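S.K.: have a look at this prediction, sequence included:
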Amino acid sequence: MRVDWTTFWPRIIEATGQTITMVFFTLIFASILGFTIGISLFVTRKGNILENKAIHLILNLFINIVRPIPFIILLVTIGPLTRIVVGTTIGTSAAIFPMTIAASFGVARIVENNLVAIDPGLIEAAKAMGASPVQIIFTVLIPETLGPLILGLTFITVALIDFSAIAGTVGGGGLGDLAMTYGYQRFDGSVMLVTVTVLIILVQFAQLLGNKLSHKFLRK
Amino acid sequence: MITFNHVTKTFGEGERALKAVDDVSLTVEKGDIFGVIGFSGAGKSTLLRLVNLLERPTEGEIMVNERNISSLSQVELRRLRRRIGMIFQQFNLFNARTVFGNVAYPLKLAKVPKQEIETKVTELLQFVGLSDKANHYPEQLSGGQKQRVGIARALATSPDVLICDEATSALDPETTGEILNLLKKVNEEYHITILLITHEMHVIKSICNRVAVMDNGRVIEEGSVFNVFSNPQTKTAKNFISSVLNDRLSIKLLNKLRTDHQGRLFRLIFKGDTTNKPILSQVAKKYNIDFNIAYGSINELQVHLLGNLIVELIGADSEINHVIAELEQTIEVREVLDHES
Ligand SMILES: Nc1ncnc2c1ncn2[C@@H]1O[C@H](COP(=O)(O)OP(=O)(O)O)[C@@H](O)[C@H]1O
Ligand SMILES: [Mg+2]
């Protein structure tokens, strides 16, 4: 069966919008959650500003459990939880929840890894100037690692475009869904080509934006 | 201003326990530039970090402005830290902030109004000679300039005390001199007490009025720079002092002096006022001997002079003994028998 391109172009645009929506909101929620977990992980380390063995251990364990789960399995496994939180397991907003969970832990690790690389002398200097732990987080830890953190987030964004395609196939819509239903299941090579091209453009654009932004903050 | 009262800091526990600071008692008076010198690992940094409680003492008490700092609440401690500026060997500037941003940082923490911050930072950058670098980032500065920013930042909250952890150890000799002069200016113009630690004796010699020598966590010698330099009690202190006074002879030089000078060699040490009296030529005239200056150095310590001469005395032994006896009434005399003397 041939595709009717006059009705198909609007669908492409709609699907692109859905993909961008999923990625954008996931990125925002995952950043908030991921930064919170990543920073908590760092500051509760031994000898750090809010040392706390128990919290550190629990967070670490949690990340190590969730991170290795393949996304498609996570997506299905937390379906019931998604239903409780979002009210449904179908649609774009229902896809954002599992994507956020998966991405948060990735962001958390990236945040922690970058914070570990920070010169402890800077934290010490801030302490010596009378900074409280919260002030240290917002005036030293985040600003001093922003450059590499943005690069890390760019990496996550690209991965999210990938996740969104998977989430799409289980009812989230978006480009992945489109490519699967029209391109793959109906063996239409031209539809496949268009969606893949749009995905590539999105990835390139995200990468470019990330590089530009991180460069602006990269100072060493 | 700052008093250590039998302070001990132990790292680790049980068999691994290490006394980085061991029963130290010290007093830094208002207006002092107090230097603590010691080899690497002596416990100097730990001692310094106790002053603003970056480390907590295991035993003993530390008084700053007559308050026992161990009993302060977190909020009080943060307030106290603003009264104690700190500068570091590696500068520890924030790379993501400009020079202006770095100096403004402690003021922002203290929630000082923007206008006031502007005025204060401008004044400080002028004081350290970096007005034209306000919008530069630390990566664009030389080591000496970075330390100037560090000093300006430490002065931002108008502290009473400045504590300096090897502030010049990462700098070349010329820049070191400039930074030391700046610290002296801080002490004189802003009347800020300075406690510094170093492993370089010339730092102590250049700007300190009081010195403590640290070894293995203990303070083994303490006093005015002039007294410790002119009359060191311990071997460690003596070693540090000869590294800057240039008063030790190498074996090679001593051998050369011995071949060039056949008479007996004596080391004469002049302190303070005795440096401006013609003691040597007076006794030489009185007794029938000649003298020959083989080697010497004169050092300025604060406002005192410390002279160190090696002279050859030529004449009859009995005359020389008289000369020595007479000299010893005003200065210190030691016969040079080997390169250690
Ligand atoms: N946080 C720490 N934990 C364990 N040992 C430490 C710590 N800080 C310093 N030390 C040890 O204490 C001793 C004194 O160190 P330090 O005060 O840095 O000496 P200095 O500044 O004179 O070189 C050293 O043996 C050092 O290894
Ligand atoms: Mg040190």
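M.R.: Everything's here; your move. Ligands and ions are numbered 1, 2, ... in the order given.
S.K.: how many neighbours does residue A:209 have?
M.R.: Using other C-beta atoms under 10 Å in any protein chain shown, residue A:209 has 13 neighbouring residues. Where you see a C-beta, it was placed from the backbone N, CA and C, and this is true even at glycine.
S.K.: contacting residues for it?
M.R.: residue A:154 (C-beta atoms under 8 Å, 6 or more residues apart in numbering or on different chains).
S.K.: for residue A:197, see how far away it is.
M.R.: Using C-beta to C-beta, to the nearest Å, one obtains 19 Å as the distance from residue A:209 to residue A:197.
S.K.: cool, and residue A:74?
M.R.: On the measure of C-beta to C-beta, residue A:74 and residue A:197 end up 29 Å apart.
S.K.: ok, residue B:254 next?
M.R.: For residue B:254 relative to residue A:197 (C-beta to C-beta), the value is 86 Å.
S.K.: with residue B:176 instead?
M.R.: Distance of residue B:176 to residue A:197, computed by C-beta to C-beta: 62 Å.
S.K.: tell me which of the two has more neighbours.
M.R.: Higher neighbour count among residue B:176 and residue A:197: residue B:176, with 21 against 11, using other C-beta under 10 Å.
S.K.: now do the SS call for that one.
M.R.: Assigned state for residue B:176: helix (three-state reduction, DSSP: H, G, I helix; E, B strand; the rest coil).
S.K.: name the nearest residue to it, ignoring sequence neighbours.
M.R.: residue B:168 (4.1 Å; C-beta to C-beta, 6 or more residues apart in numbering or on different chains).
S.K.: that neighbour touches residue B:197, doesn't it?
M.R.: No. In this structure, residue B:168 is not within contact of residue B:197 by C-beta atoms under 8 Å, at 11.1 Å.
S.K.: next SSE after the helix or strand bottoming out on mean pLDDT in chain A?
M.R.: Scoring the helices and strands of chain A by mean pLDDT, DSSP states H and E places helix A:174-178 at the bottom, with a mean of 83. Next along the chain after helix A:174-178, taking DSSP states H and E as the criterion, comes helix A:189-217.
S.K.: any idea of the mean pLDDT in that next one?
M.R.: The predicted model gives helix A:189-217 an average pLDDT of 88.
S.K.: what of stretch B:278-288?
M.R.: For stretch B:278-288, mean pLDDT is 83.
S.K.: give me the contact list for that stretch.
M.R.: Under the criterion C-beta under 8 Å, 6+ apart, residues B:268, B:270, B:290-291, B:309, B:311, B:315-316, B:319, B:322-323, B:326-327, B:330-331 lie in contact with stretch B:278-288.
S.K.: same question for stretch B:6-19.
M.R.: Contact with stretch B:6-19 is made by B:20-25, B:43, B:46-47, B:50, B:55-62, B:217, as judged by C-beta under 8 Å, 6+ apart.
S.K.: residue B:160 - how many residues pack around it?
M.R.: For residue B:160, the count of nearby residues is 16 (other C-beta under 10 Å).
S.K.: surely it and residue B:192 touch.
M.R.: Yes. Counting by C-beta under 8 Å, residue B:160 does reach residue B:192; the two are 6.6 Å apart.
S.K.: who in chain A is up against chain B?
M.R.: Residues of chain A found near chain B (C-beta under 8 Å from any C-beta of the partner chain) are A:119, A:121-122, A:124-132, A:135, A:139-140, A:143-144, A:146, A:217, A:219-220.
S.K.: could you pick out the buried ones from those residues?
M.R.: The neighbour count (16 or more other C-beta atoms under 10 Å in any protein chain shown) marks A:119, A:122, A:124-132, A:135, A:139-140, A:143-144, A:146, A:217, A:219 as buried among those.
S.K.: from residue B:279, how far out is the residue nearest to residue B:175 when sequence neighbours are not counted?
M.R.: Leaving aside its sequence neighbours, residue B:175 sits nearest to residue B:144 (C-beta to C-beta, 6+ apart; 3.7 Å). Distance, residue B:144 to residue B:279, using C-beta to C-beta: 43 Å.
S.K.: for the chain, give me the ranges with low pLDDT.
M.R.: Answering for chain A, as no chain was given. The model of chain A has pLDDT under 70 over residues A:1-3, A:183-185, A:187, A:219-220.
S.K.: chain B is the one I meant
M.R.: Within chain B, the segments meeting pLDDT under 70 span B:275, B:340-341.
S.K.: show me where chain A has helices.
M.R.: A:5-43, A:53-66, A:71-77, A:79-86, A:92-116, A:120-128, A:133-136, A:142-167, A:174-178, A:189-217 (DSSP state H).
S.K.: give me whichever of those is most buried.
M.R.: The highest mean neighbour count among those, using mean count of other C-beta atoms under 10 Å in any protein chain shown, belongs to helix A:174-178: a mean of 26.
S.K.: ok, residues contacting that one?
M.R.: Contacts to helix A:174-178, defined as C-beta under 8 Å, 6+ apart, come from residues A:11-12, A:15-16, A:18-19, A:22, A:92, A:95, A:164-169, A:171, A:191, A:195, A:198-199, A:202.
S.K.: could you do stretch B:167-180 as well?
M.R.: Contacts for stretch B:167-180 (C-beta under 8 Å, 6+ apart): B:87-91, B:142-144, B:147-148, B:150-151, B:183, B:196, B:198-200, B:203, B:206-207.
S.K.: now those residues: which count as buried?
M.R.: B:87-91, B:143-144, B:147-148, B:150-151, B:183, B:196, B:198-200, B:203, B:206-207.
S.K.: the residues you listed in strands, which ones?
M.R.: Cross-referencing the buried ones among the contacts of stretch B:167-180 against strands under DSSP state E gives B:87, B:88, B:196, B:198.
S.K.: now, which of these sits nearest ligand 1?
M.R.: Within those, proximity to ligand 1 (C-beta to the nearest ligand atom) peaks at residue B:198, which comes in at 9.6 Å.
S.K.: check contacts around the closest one.
M.R.: Neighbours of residue B:198 in contact, by C-beta under 8 Å, 6+ apart: B:35, B:36, B:37, B:44, B:166, B:167, B:168, B:169, B:204.
S.K.: any chance of the residues you listed in JSON lines, plus neighbour count and secondary structure?
M.R.: Shown next, in JSON lines, are the contacts of residue B:198 (neighbours: other C-beta atoms under 10 Å in any protein chain shown; DSSP: H, G, I helix; E, B strand; the rest coil):
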{"residue": "B:35", "neighbour count": "27", "secondary structure": "strand"}
{"residue": "B:36", "neighbour count": "27", "secondary structure": "strand"}
{"residue": "B:37", "neighbour count": "26", "secondary structure": "strand"}
{"residue": "B:44", "neighbour count": "25", "secondary structure": "helix"}
{"residue": "B:166", "neighbour count": "21", "secondary structure": "coil"}
{"residue": "B:167", "neighbour count": "28", "secondary structure": "coil"}
{"residue": "B:168", "neighbour count": "26", "secondary structure": "coil"}
{"residue": "B:169", "neighbour count": "14", "secondary structure": "coil"}
{"residue": "B:204", "neighbour count": "27", "secondary structure": "helix"}
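S.K.: if we check ligand 1, which of the contacts of stretch B:6-19 are in contact?
M.R.: Subset of the contacts of stretch B:6-19 in contact with ligand 1: B:20, B:43, B:46, counting by C-beta under 6 Å from any ligand atom.
S.K.: and which of the residues you listed is nearest residue A:100?
M.R.: The closest of these to residue A:100 turns out to be residue B:46 (C-beta to C-beta; 45.6 Å).
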